[in-house]
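Participant: got a structure for you, letters missing:
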């Protein structure tokens, strides 16, 4: 890491995969950990940045504590992926992002029916809600959370391409497009989702999120160390319990934009 530029601007947002945006204390800590990793007997070869917590919780917790102190109240730049209808893009740009809720799911269904009555019938909206509620019961841990990843380069990796394909190719989000068994009603619901997907747009939303609201159950430090060190599967996904206001949305990226990752094509 010698020779990398150091930036220590008050209130600056930190790009996990962009060391030029890191405060000096963050860069120094990551450099220290990278230099020490090869000496750690507690971790498995090939996965030092990811598996340390399972081998030496105290050492991992100390690095995490020091990193959060070095962040000094700043925000990190993160990304939320979805496939949105035109009116949903407008709403996100105006109002920001919400955590997942049953009310949000119901409003998405109702608005889709309102804007596209020729694509989704009232009966199909009922079916969509039934299948969505089934999924909510099976993935209840996602309720009241907003999921995000960092850094943007993740969308260009094989892991990211496979991980984001369904989010970017199907309208509605996991709680809507995922179903259980392929019953006749669920197949009808999926047909409606496919029609709505055809008129929606893959969207990557760039946002800033205060480090203070990122839960401690998912460490930040493996992302910084793992991404810079080139290790496989660094922790890059978090769920927060608050929405993101429009003022904290930095960009809304679509396939026609220059920033769109070429690897996420065919959507």
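Facilitator: Arrived safely. This is a predicted model, so every value here is computed, not measured.

Participant: Residue 113: what's it in contact with?
Facilitator: Applying Cβ atoms under 8 Å, 6 or more residues apart in numbering, we find residue 113 in contact with 120-122, 125. Bear in mind the C-beta positions are built from the backbone N, C-alpha and C, glycine included.

Participant: is it true that it lies in a strand?
Facilitator: No - going by DSSP: H, G, I helix; E, B strand; the rest coil, the assignment for residue 113 is helix, not a strand.

Participant: Looking at it now. What's its pLDDT?
Facilitator: Per-residue pLDDT puts residue 113 at 96.

Participant: Could you list the single helix or strand in this structure with the lowest mean pLDDT?
Facilitator: Ranked by mean pLDDT, DSSP states H and E, the helix or strand of the chain with the weakest confidence is helix 48-55, at a mean of 69.

Participant: Backbone torsions only: list them for residue 79.
Facilitator: phi -140, psi 140 (degrees, to the nearest 10).

Participant: Sheet-wise, list the partners of the helix or strand containing residue 206 with their directions.
Facilitator: Secondary structure assigned from DSSP states H and E places residue 206 in strand 201-210. Paired strands of strand 201-210, with direction, are strand 75-84 (antiparallel), strand 249-253 (antiparallel) (DSSP bridges).

Participant: Provide the contact partners of that strand at residue level.
Facilitator: Counting by Cβ under 8 Å, 6+ apart, 13, 73-86, 89, 92, 97, 148, 152, 155, 168-169, 240, 244, 248-255, 260, 264, 267 sit against strand 201-210.

Participant: Now do the buried residues in stretch 60-70.
Facilitator: Of the residues in stretch 60-70, those buried under the neighbour-count criterion (16 or more other Cβ atoms under 10 Å) are 60, 63-64, 66-68, 70.

Participant: Pick the one among these closest to residue 28.
Facilitator: Among these, residue 70 lies closest to residue 28 (Cβ to Cβ), at 7.9 Å.

Participant: Ramachandran coordinates for that closest one?
Facilitator: Per degrees, to the nearest 10, the backbone of residue 70 is at phi -70, psi -30.

Participant: Could you check how many residues crowd around the nearest residue to it once chain neighbours are set aside?
Facilitator: Once flanking residues are discounted, residue 70 sits nearest to residue 25: 3.6 Å by Cβ to Cβ, 6 or more residues apart in numbering. By other Cβ atoms under 10 Å, the residues close to residue 25 number 16.

Participant: Which helix or strand contains residue 25?
Facilitator: helix 24-37.

Participant: Return the set of buried residues in that helix.
Facilitator: 25-27, 29-31, 33-34, 37.

Participant: now swap in stretch 250-260 and tell me
Facilitator: 252-253, 255, 260.

Participant: ok so, going back, from the contacts of strand 201-210, list the buried ones, please.
Facilitator: 13, 74-85, 89, 92, 97, 148, 152, 155, 168, 240, 244, 248-249, 252-253, 255, 260, 264.

Participant: per-residue pLDDT, residue 159?
Facilitator: pLDDT, residue 159: 74.

Participant: What helix or strand is it located in?
Facilitator: Using DSSP H and E, the element containing residue 159 is helix 158-169.

Participant: Now do the SS call for residue 195.
Facilitator: Taking three-state DSSP, the label given to residue 195 is helix.

Participant: How much space separates it from residue 264?
Facilitator: 22 Å (Cβ to Cβ, to the nearest Å).

Participant: Pretty sure residue 224 sits against residue 18.
Facilitator: No - counting by Cβ atoms under 8 Å, residue 224 sits too far from residue 18 to count as a contact (10.6 Å).

Participant: Neighbour count: these two, which is higher?
Facilitator: Higher neighbour count among residue 224 and residue 18: residue 224, with 29 against 16, using other Cβ under 10 Å.

Participant: and that one, what is it in contact with?
Facilitator: Here residue 224 is in contact with 16, 22, 26, 30, 67 (Cβ under 8 Å, 6+ apart).

Participant: Please enumerate the strands of the protein.
Facilitator: 14-15, 75-84, 146-149, 201-210, 237-240, 249-253 (DSSP state E).

Participant: Let me know which of the ones you listed is the nearest to residue 102.
Facilitator: strand 146-149 (15.0 Å).

Participant: closest one to residue 231 among the strands paired with strand 201-210?
Facilitator: With Cβ to Cβ as the measure, strand 75-84 is the member of these nearest residue 231 (18.8 Å).
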